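1. Sequence plus predicted model, see below.
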Amino acid sequence: MTTYTDLVVDIKNWTDNEDPEFTGAIPKIITLGEERLERDLNFELWDIIDTVSVLTAATTVALPTGAHSCRSIGFEDPDQAGGIKWLLKRTYDFCVDYNSINDVSHRGQPLYYTNHLEGLVMIAPPPPASMNGTIRCVARPDGLSASNDSTWLSTHAGDIMQYACLMAAEEYLKSPQKAKEWEDKYNAAMPTFKAEHADLIRTSGYSPVKAAAEVLGVAGDVK
């Protein structure tokens with residue numbers, strides 16, 4: 001276990017450096033260490049779940065504030081009161097082609113989605129009316145700071161967090177050999193921690209061999 005306060009002290013002590021310029025960079029160094037650890041762990045406990053809405057005939061949905069990408073999305077199921085019909089993930093090209101083949105007369109319950117431009121999800125087909133739904137997204141958790149002394153990571157992965165931050169500190173100080181020493185410790189500790197928390201690791205929901213919900217015919221006909 002570690003805290004923001006502990007890391008500030010540890011970084012100065014382990015690097016034996018209290019130069020004002022370096023000390024001023026420590027908050028950024030801690031953030032860099034956190035971001036690396038978060039990416040390498042890729043835990044789904046940092047996902048955010050939010051409500052979402054789509055307008056009539058719209059083919060894109062905005063991600064919630066702070067979200068990086070969509071992991072799953074679903075809209076009201078017309079066949080089940082209170083139910084959600086989850087969309088299948090497909091490639092960008094698939095969704096573009098689906099929406100191009102199906103003209104406005106083929107609007108219907110959205111079946112597919114793909115991450116689109118920054119902050120947007122593309123859906124196919126576009127709905128015939130506005131709809132509400134649920135979206136689950138990848139997001140970065142709140143990080144350590146002077147006003148946030150501890151996080152899930154600092155509490156449960158304090159040693160690896162320290163290694164990541166010291167690695168970033170030595171890279172800042174342009175000490176590649178020392179940075180490599182901390183990287184070796186980081187890499188040695190990571191497999192055991194990931195094995196202990198294997199159930200938290202994100203898995204992809206995209207299955208390219210899963211059958212399409214509908215088969216398209218020529219000129220947008222649905223078979």
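-> Arrived safely.
2. Let me see the ranges of the strands in the protein.
-> Secondary structure of the chain (DSSP state E): strands at 48-54, 60-62, 67-76, 84-86, 88-89, 112-115, 120-124, 131-139.
3. Please identify the deepest-packed of the ones you listed.
-> Ranked by mean neighbour count, those are led by strand 120-124 with a mean of 22 (mean count of other CB atoms under 10 Å). To be clear about C-beta, it is placed using only N, CA and C from the backbone, and glycine gets the same treatment.
4. how about the nearest residue to Leu63, chain neighbours excluded?
-> Among residues not flanking Leu63 along the chain, Gly119 sits closest, at 5.2 Å (CB to CB, 6 or more residues apart in numbering).
5. My understanding was that that neighbour contacts Pro64; is that so?
-> No - counting by CB atoms under 8 Å, Gly119 stays clear of Pro64, with 9.5 Å between them.
6. How far does stretch 187-204 sit from its chain's centre?
-> 16 Å (CA atoms, centre = their mean, to the nearest Å).
7. typo on my end, stretch 37-45
-> Stretch 37-45 has its C-alpha centroid displaced from the chain centroid by 8 Å (CA atoms, centre = their mean).
8. Buried residues, that stretch. List them.
-> Going by neighbour count (16 or more other CB atoms under 10 Å), the buried part of stretch 37-45 is 37-38, 41, 43.
9. Show me the helices in the chain, by range?
-> 4-15, 20-41, 92-101, 152-156, 158-172, 176-196 (DSSP state H).
10. Go through those helices and pick out the most buried.
-> helix 158-172 (a mean of 23).
11. Excluding covalently adjacent residues, which one is nearest to Pro128?
-> Per CB to CB, 6+ apart, closest to Pro128 is Arg107, 4.1 Å.
12. Could you pull up phi and psi at that neighbour?
-> Backbone torsions of Arg107, given as degrees, to the nearest 10, read phi -60, psi 150.
13. Would you mind pulling up the elements that the lowest-mean-pLDDT helix or strand in the chain packs against?
-> Ranked by mean pLDDT, DSSP states H and E, the weakest helix or strand in the chain is helix 92-101, scoring a mean of 89. Helix 92-101 is packed against strand 112-115, strand 120-124, with contacts defined by 3 or more CB pairs under 8 Å, 6 or more residues apart in numbering; DSSP states H and E.
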